[in-house]
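A.B. asks: Got a sequence here, can you build the structure:
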Amino acid sequence: MSKLLISISLLLFGSMSVMADEYPTDETVRYALKCMAELGGQTDENLYTCTCRYDSIRANMTYSDYEEGYTFERNKKMPGEKGSSFRDNKRAEGFYEKLLEVREKANSSCIVVKQVKMIKPTSK
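C.D. replies: Residues are numbered from 1 along each chain as shown. Predicted structure coming up:
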């Protein structure tokens, strides 16, 4: 019995670091929808491109780093005193710059797929 408890404990605690860097499902969906809207709408071709980009970002940046960079991006133009905590945050600005690099890499490595229409072959 104690071996079973130890095994389960090791399994759970050993996988916690993996779970901490896991991107949540709601963020995955938000990214895909926003990306597809920027590419012109919800089509299979845009979905393919956006999921490729998202997978590239996930492979090159932990979720906690992504979250800090994205929060800085979203709030850096906030006016007044509330915005100063974002504008003056050099650590978050570093994560934002890394996010921009990772996005650029994702955009250049994931082609935008265009729908190809099948045409009937002409007979000779």
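
A.B. asks: Find the nearest non-adjacent residue to the spatially most central residue of the chain, please.
C.D. replies: Residue closest to the mean C-alpha point of the chain, counted by CA atoms, centre = their mean, is Tyr54 at 4.4 Å. Distance criterion CB to CB, 6 or more residues apart in numbering; nearest residue to Tyr54, sequence neighbours excluded, is Tyr31 at 5.3 Å. C-beta here means a position set from N, CA and C on the backbone, and glycine is covered the same way.

A.B. asks: Contact partners for the closest residue to Leu39 other than its chain neighbours?
C.D. replies: Distance criterion CB to CB, 6+ apart; nearest residue to Leu39, sequence neighbours excluded, is Asn46 at 4.3 Å. By CB atoms under 8 Å, 6 or more residues apart in numbering, the contact list for Asn46 reads Cys35, Met36, Leu39, Gly40, Val112, Val113.

A.B. asks: In PyMOL, how would I select just the buried ones from the residues you listed?
C.D. replies: To isolate the buried ones among those in PyMOL, judged by 16 or more other CB atoms under 10 Å, type:
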select buried, resi 35+36+39
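
A.B. asks: What is the nearest of the contacts of Asn46 to Asn75?
C.D. replies: For the contacts of Asn46, the minimum distance to Asn75 (CB to CB) is 20.5 Å, reached by Cys35.

A.B. asks: Tell me the secondary structure of that closest one, please.
C.D. replies: On the three-state scheme (DSSP: H, G, I helix; E, B strand; the rest coil), Cys35 is labelled helix.

A.B. asks: Quick check: closest non-adjacent residue to it.
C.D. replies: Closest residue to Cys35 apart from its sequence neighbours, by CB to CB, 6+ apart: Cys50 at 3.7 Å.

A.B. asks: least trustworthy helix or strand in the protein by mean pLDDT?
C.D. replies: Here the helix or strand of the chain ranked lowest by mean pLDDT, DSSP states H and E is helix 2-20, holding a mean of 50.

A.B. asks: I'm done for today, thanks for sticking with me.
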